[in-house]
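1. Give me a model of this one.
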Amino acid sequence: MATRAEIIGEFSDIMGPVDGICGLVSPNSTDYLFHALDNIEEKPITKVQLNQLLNMQHIRSISDGFFQYYWLKKQRECEKPIHFYQYPQPMEKQNCQTIESIHDFKQGLRRIFTDCLFIYGNINTGFQELASKSYEQLVSIFQEMRIDSEMIKERGNTLHFNEIDKEDRYLIGEMACKSLGDRSIQKAALREKLRQAYHKAKQENIKNPTVEDLLSGKYTEDGEKDEIALFTCTDYLETHISNETAIDKILSAIFARYLPAREAAIKNTQLYLSLVNDLDVYVATSMRSKVHFTDMAEFCEAVFKSPALQEYDLRYFDPTMSATNSHEDKGLIECLMVKAARMLIYAAGEGDSYGKDAEAAMALCLGKPVIFYCGSNAKRSDFFRNVHPLSRLVNFETGVACGVIICETIDEVAAILKRIFSNTMQYNLKQKKDTPGYYVLEEDITGSVVRVQTNDQYLTSAFWNYYL
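-> Reported below is the predicted structural model:
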């Protein structure tokens, strides 16, 4: 025979002395509830009895369909899955009429809390919304949230994208375009920059300066290092300049790679725009060096060609394969791609940038899944996981606080993608220790917090009064 304290202890990880459904089993609960739970195996709880127990604690009644969806064995093996994620633990004694164990009673509540927190951002609010729904209405709600995995697998190939050598992809970056312009070597700003610096070095009796020397600021009027030009000349920085012809020779070599790469990238952008209704993943990053471009190209290849994802052939926006004729257009296109994609991957580098941070923020505020890939940088991973307050942002439409999923390996990224696109994500509901009513929902593989419910009553009142 279980004591009152033992039953309270059994539920203490998800309940406490708070109002509403989150306080169903707590020191404030009615004796009838403890008696029913203590005898649940001999006298299983029916839907009518559960409603009585809820009403005694001023909690709203539930429908037959709600009771059926969360506690009873309704689905048959031949039925298609109906939920948008995978429940991590099965019921023990699930049948078609009653709840027969404390474990199953708690599991049903845990599922309810998880759904309410994930969809509504607040368990009591979600419970009020869902408790009156029929079984068919609940099925409809959750099926609508599922990704059509079979459609993705069977939708067929896209038009072929134009290949760009990984070694040349940095040349489609904004900085290279600013230095080189459109077509003419003679009109390229970089050519004039190098020529002026070379003449100044020659006046100072410097023989055979390197390209890096000429762009370092030593031989310019402002004395400042030209980071944009240095980026563009990455592969030629150690080349010595003995005359102006050598400058044109270097620029000819750069243009021979730059023009076809840029043309291919612009055509690829047209292909991305043609895929806007069928885009799965947007990849956000900042690339300030050639290494950033090659690393990002290799990252995309490693993730999306992972064996775990081969059956899906995901459509993704690769930033190392796309260019536009103006940076204003680039901004508009990237906003459109973030809006259109089902989710976003943020490749965290050595530092942050406004562009990729803005893209990640847009996706979170649209309620989309967002993965932060930090690689082996433990400090960055810890910063996003435990320090940065805006690793959780609010979906502006619903008010639900959405958090990023922090991944440290490519295998983790691929595993999360597979779970998202197969509707098999798993979440762990946790109530903060010694903080009744403060809930977090953690993604199962990485432990990342993807939903939050505060127990600050002033914040809760102000927040939901505004949103609702």
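2. in the stretch 151-300 of the chain, which spans are strands?
-> Using DSSP state E, counting those that start in this stretch, the strands found in the stretch 151-300 of the chain span residues 281-284.
3. Low-confidence bits of the stretch 301-450 of the chain, can you list those?
-> For the stretch 301-450 of the chain, the stretches with pLDDT under 70 are 350-352, 389-390.
4. And the helix or strand harbouring Lys430, what's buried?
-> Using DSSP states H and E, Lys430 sits in strand 427-431. Residues Tyr427, Leu429, Gln431 are the ones in strand 427-431 that count as buried (16 or more other Cβ atoms under 10 Å). (Glycine included, C-beta is placed from N, CA and C.)
5. so can I have a markdown table of those residues showing distance to Cys177?
-> As requested, the buried residues of strand 427-431 are arranged in a markdown table below (distance: Cβ to Cβ, whole Å):
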| residue | distance to Cys177 |
| --- | --- |
| Tyr427 | 43 |
| Leu429 | 49 |
| Gln431 | 52 |
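6. re the thing from before, which other helices and strands contact the strand holding Lys430?
-> The helices and strands touching strand 427-431, judged by 3 or more Cβ pairs under 8 Å, 6 or more residues apart in numbering; DSSP states H and E, are helix 102-120, strand 439-443.
7. Please parse the protein into its domains.
-> 4-146, 169-259, 275-422 (automatic domain parsing).
8. Figure out how far the first one is from the centre of its chain.
-> Domain 4-146 has its average C-alpha position 29 Å from the chain's average C-alpha position, going by Cα atoms, centre = their mean, to the nearest Å.
9. pLDDT weak spots in the stretch 151-300 of the chain?
-> Checking the stretch 151-300 of the chain against pLDDT under 70 turns up 182-184.
10. Over to the stretch 1-150 of the chain?
-> Using pLDDT under 70, the stretch 1-150 of the chain drops low at 74-80.
11. at 90 what do you get?
-> 1-2, 73-82, 87-96 (pLDDT under 90).
12. Spatially central residue for the protein, please.
-> Val370 (0.6 Å; Cα atoms, centre = their mean).
13. is it true that it touches Ala347?
-> No: counting by Cβ atoms under 8 Å, Val370 does not reach Ala347; the two are 11.8 Å apart.
14. re the thing from before, what pairs with the strand holding Lys430, parallel or antiparallel?
-> Counting by DSSP bridges, the strands paired with strand 427-431 are strand 439-443 (antiparallel).
15. Provide the angle between the direction of the helix or strand where Ala415 lies and the direction of strand 439-443.
-> Following DSSP H and E, one finds Ala415 within helix 410-421. Interaxial angle, helix 410-421 versus strand 439-443 (axes from the mean of the first three to the mean of the last three Cα atoms, to 10 degrees): 110 degrees.
16. Which other helices and strands does helix 410-421 contact?
-> helix 290-304, strand 370-373, strand 405-407.
17. so after the second one, what's the next helix or strand?
-> This points to strand 370-373. By DSSP H and E, the next helix or strand past strand 370-373 is helix 378-382.
18. buried stuff in that next one?
-> Quick answer for helix 378-382 (16+ other Cβ under 10 Å): Arg380, Ser381.
19. Give the partner strands of the helix or strand that that helix is followed by in its sheet and their orientations.
-> For helix 378-382, the following helix or strand on the C-terminal side (DSSP H and E) is strand 392-394. If you go by DSSP bridges, strand 392-394 pairs up with strand 401-403 (antiparallel).
20. so what's Ile8 up against?
-> Val25, Ser26, Pro27, Ser29 (Cβ atoms under 8 Å, 6 or more residues apart in numbering).
21. just Ser61 next, same as before
-> Asn51, Leu54, Asn55, Ala131.
22. returning to what we had before: among the contacts of Ile8, which ones are buried?
-> Val25, Ser26, Ser29.
23. Surely the first one is in contact with Met15?
-> Same thing as Val25. Yes: applying Cβ under 8 Å, one finds Val25 in contact with Met15, separated by 5.0 Å.
24. picking up where we left off before, what's near enough to touch the residue nearest to the centre of the chain?
-> Val370 touches Met343, Leu344, Ile345, Tyr346, Ala360, Ala363, Leu364, Cys402, Val404, Ile405, counting by Cβ under 8 Å, 6+ apart.
25. again, only this time at 10 Å
-> Val370 is in contact with 282, 284, 343-346, 359-364, 391, 393, 402-405, 448, 450, counting by Cβ atoms under 10 Å, 6 or more residues apart in numbering.
26. what does Cys402 give?
-> 118, 121, 363-370, 391-395, 450-452.
27. which residues are in contact with both of Val370 and Ala347?
-> In contact with both Val370 and Ala347: Ala284, using Cβ under 10 Å, 6+ apart.
28. Neighbours of Asn423, how many?
-> Here the count is done by other Cβ atoms under 10 Å, and Asn423 has 19 residues near it.
29. hang on, I meant Lys153
-> Count around Lys153 with other Cβ under 10 Å applied: 12.
30. ok, now which ones touch the closest residue to it other than its chain neighbours?
-> Distances taken as Cβ to Cβ, 6 or more residues apart in numbering place Glu311 nearest to Lys153, at 5.6 Å, with adjacent residues excluded. When contacts are counted by Cβ under 10 Å, 6+ apart, Glu311 is found next to Ser149, Ile152, Lys153, Lys418, Phe421, Ser422.
31. quick one on the thing from earlier: tell me the two of the contacts of Ile8 that are most distant?
-> Across those, the longest distance by Cβ to Cβ is 9.4 Å; it joins Val25 and Pro27.
32. Now do the shared contacts for the two.
-> Joint contacts of Val25 and Pro27 (Cβ under 10 Å, 6+ apart) are Ile8, Gly16.
33. Need the buried ones from the contacts of Glu311 selected in ChimeraX.
-> Here is the ChimeraX selection string for the buried members of the contacts of Glu311, based on 16+ other Cβ under 10 Å:
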select :149,152,418,421,422
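34. Using TSV, lay out the contacts of Glu311 together with distance to Glu41.
-> Output for the contacts of Glu311, formatted as TSV (distance: Cβ to Cβ, whole Å):
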residue	distance to Glu41
Ser149	38
Ile152	44
Lys153	44
Lys418	39
Phe421	40
Ser422	36
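35. Just give me the closest of the contacts of Glu311 to Asp329.
-> Ile152 (29.1 Å).
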